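S.K.: mind looking at a prediction? Sequence and model below.
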Amino acid sequence: MKPLKVFDYNNYSYQGGVLYLKNQLGFSNAGDYSNRLRKFLPNIKERNITIDCNQLESIDSAGVAAIYNTVRILNKKGITTSFTAESETIKEKLELFKPPDFETHKSSQKNGFLLKIGDLLYKVFKEHALSFLYLIADISYWTIADIFNRKQRRKGEFVNQAVNIGVNALPIVLVLTFIIGMVISVQSATQLRNYGANIFIVDLIVISMMAQMGPLITAILVAGRSGSAIAAEIATMKVTSEIDALKTMGLNPLRYVVIPKIYGGIITMPFLTMLANVAGIAGGALASYIYLDITPEIFINRMSGVLYQKDIITSIIKSIVYINLIVITGCYFGLRVEKGAEGVGKSTTKSVVAAISLVIVADLIMGLIFYR
């Protein structure tokens with residue numbers, strides 16, 4: 001038995017969950033189409049409807065508006081819609097005259113919490129993850145290639161980036177890591193003193209600062225200070241068409257702008273991290289002397305027994321991974337900037353948030369790898 005036809009006219013008909021549009025739909029008959037379809041909507045029982053435009057020969061803006069108005073009405077009733085069209089001309093007109101905030105197959109049914117999370121993760125992966133991996137591949141290639149070919153390297157730029165990323169960040173990094181070392185020592189002193197384990201404050205301070213807190217805090221500070229500057233610089237170059245100008249001159253923007261920052265960060269970040277570790281341990285030693293009466297001599301003697309070469313190497317490896325993530329993230333969001341000054345600000349903010357998040361995730365992964 002064939003499905004019952006709800007309506008059937010010269011240019012449009014409905015049968016079995018498919019709305020067929022034929023011949024032409026435009027200013028002359030769009031109103032008649034809308035009026036007739038609206039009368040028959042209560043008879044539609046299907047929850048999914050396909051609008052078949054394969055037999056449609058011509059359509060204008062009035063016809064497209066009538067179609068999208070139909071879709072809106074169906075969506076309000078919880079009916080999901082989709083299009084089929086073989087003609088490229090029809091497809092182009094449907095896309096050309098589509099309302100800017102319109103989604104053709106969106107249902108009024110609310111998605112569950114887990115489905116929303118899945119959609120969000122899919123969008124993030126689709127929009128950012130693959131592009132980010134491609135950028136990592138490009139930067140990795142040019143980082144290695146630039147070592148053997150120095151023709152397009154800017155003279156003195158490596159030194160400038162090393163100073164900006166590492167040397168200029170030294171004061172704030174040393175002060176804050178010194179304070180953090182004191183805070184860790186003070187917060188731990190009470191509990192250790194209750195159990196008569198004062199001497200183990202040295203183990204806690206040295207291991208935590210060298211293998212964990214030192215590299216992490218340094219990376220977070222550099223991400224906020226240098227990572228934002230990198231994103232803002234590249235975003236400004238993108239907005240002012242300087243990136244396009246470099247391409248016009250035959251220069252690769254990544255090699256000309258980003259690679260010097262990679263080199264400067266890779267060279268200076270390990271030294272900056274080591275100095276931060278020393279500052280944090282010094283802060284912890286000072287607090288230990290004040291609250292637990294552990295003299296510097298006792299602290300140093302104990303430290304020599306708990307500090308291993310593996311911890312130092314781990315700290316250096318982490319610092320190199322972190323600075324690469326920071327620079328690449330700043331470059332990525334800088335290149336994806338929207339037009340205008342507001343776009344530069346948004347790009348910078350996204351860069352800092354993403355860089356710190358990636359650093360923390362990388363810290364977790366490497367913490368599991370280097371667990372002892």
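M.R.: On my side now, so go ahead. Numbering: from 1, shown residues only.
S.K.: outline the domain layout of the chain.
M.R.: Domain ranges of the chain: 5-96, 133-369, per automatic domain parsing.
S.K.: check the gap between Pro338 and Lys350 for me.
M.R.: One correction, residue 338 is Glu, not Pro. In this view, Glu338 and Lys350 are 11 Å apart by CB to CB, to the nearest Å. Where C-beta positions appear, they are placed from N, C-alpha and C, glycine not excepted.
S.K.: more neighbours: which of the two?
M.R.: More crowded of Glu338 and Lys350, by other CB atoms under 10 Å: Lys350, with 18 against 13.
S.K.: spatially nearest residue to that one, not counting backbone neighbours?
M.R.: Sequence neighbours aside, Phe333 is the residue nearest to Lys350 in space, at 4.9 Å (criterion: CB to CB, 6 or more residues apart in numbering).
S.K.: quick check: which element contains that neighbour?
M.R.: Here Phe333, judged by DSSP states H and E, is contained in helix 309-335.
S.K.: avg pLDDT for that helix?
M.R.: For helix 309-335, mean pLDDT is 92.
S.K.: buried sites along it?
M.R.: Residues of helix 309-335 classed as buried: 311, 314-316, 318-335 (neighbour count, 16 or more other CB atoms under 10 Å).
S.K.: got any ranges where the stretch 101-250 of the chain has weak pLDDT?
M.R.: Confidence mapping of the stretch 101-250 of the chain against pLDDT under 70 gives the ranges 101-111, 151-152.
S.K.: can you give me the strands in it?
M.R.: Counting by DSSP state E, counting those that start in this stretch, one finds no strands in the stretch 101-250 of the chain.
S.K.: tell me where it has helices.
M.R.: For the stretch 101-250 of the chain, the helices defined by DSSP state H, counting those that start in this stretch occupy 113-124, 130-148, 157-162, 170-194, 200-208, 214-222, 228-239, 242-248.
S.K.: so which of the ones you listed is the most packed in?
M.R.: Across those, the average number of neighbours (mean count of other CB atoms under 10 Å) peaks for helix 214-222, which reaches a mean of 25.
S.K.: which other residues reach it?
M.R.: Applying CB atoms under 8 Å, 6 or more residues apart in numbering, the contact partners of helix 214-222 are 165, 169, 172-173, 176-177, 180, 265, 269, 272-273, 276-277, 280, 315, 318-319, 322-323, 326, 356, 359-360, 363.
S.K.: and if you look at stretch 288-303?
M.R.: Contacts with stretch 288-303, where a contact means CB under 8 Å, 6+ apart, come from 185-186, 189, 192-193, 198-199, 201-203, 205-206, 281, 285.
S.K.: ok, those residues vs Ala223, which is closest?
M.R.: Using CB to CB, Ile281 is the member of the contacts of stretch 288-303 that lies nearest Ala223, at 22.7 Å.
S.K.: before we move on, the earlier item: now the domains of the chain in JSON lines, please, with extra columns for distance to Gly118.
M.R.: Below are those laid out as JSON lines (distance: least, CB to CB, whole Å):
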{"stretch": "domain 5-96", "distance to Gly118": "18"}
{"stretch": "domain 133-369", "distance to Gly118": "19"}
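S.K.: looking at the ones you listed, which is closest to Lys123?
M.R.: Lys123 lies closest, by CB to CB, to one member of the domains of the chain: domain 133-369, at 14.5 Å.
S.K.: just how off-centre is that closest one within its chain?
M.R.: In terms of CA atoms, centre = their mean, to the nearest Å, the centre of domain 133-369 is found 18 Å from the chain centre.
S.K.: buried residues, the longest helix seen in the chain. List them.
M.R.: The single longest helix within the chain, with elements called by DSSP state H, is helix 259-292. Along helix 259-292, these residues count as buried under the neighbour rule (16+ other CB under 10 Å): 259-270, 272-288, 291-292.
S.K.: distance check, Val278 against Arg153.
M.R.: With CB to CB as the criterion, Val278 and Arg153 are 33 Å apart.
S.K.: and Asp52, what helix or strand is that in?
M.R.: Using DSSP H and E, Asp52 sits within strand 48-59.
S.K.: okay, now the sheet partners of that strand, with direction.
M.R.: If you go by DSSP bridges, strand 48-59 pairs up with strand 18-25 (parallel), strand 80-84 (parallel).
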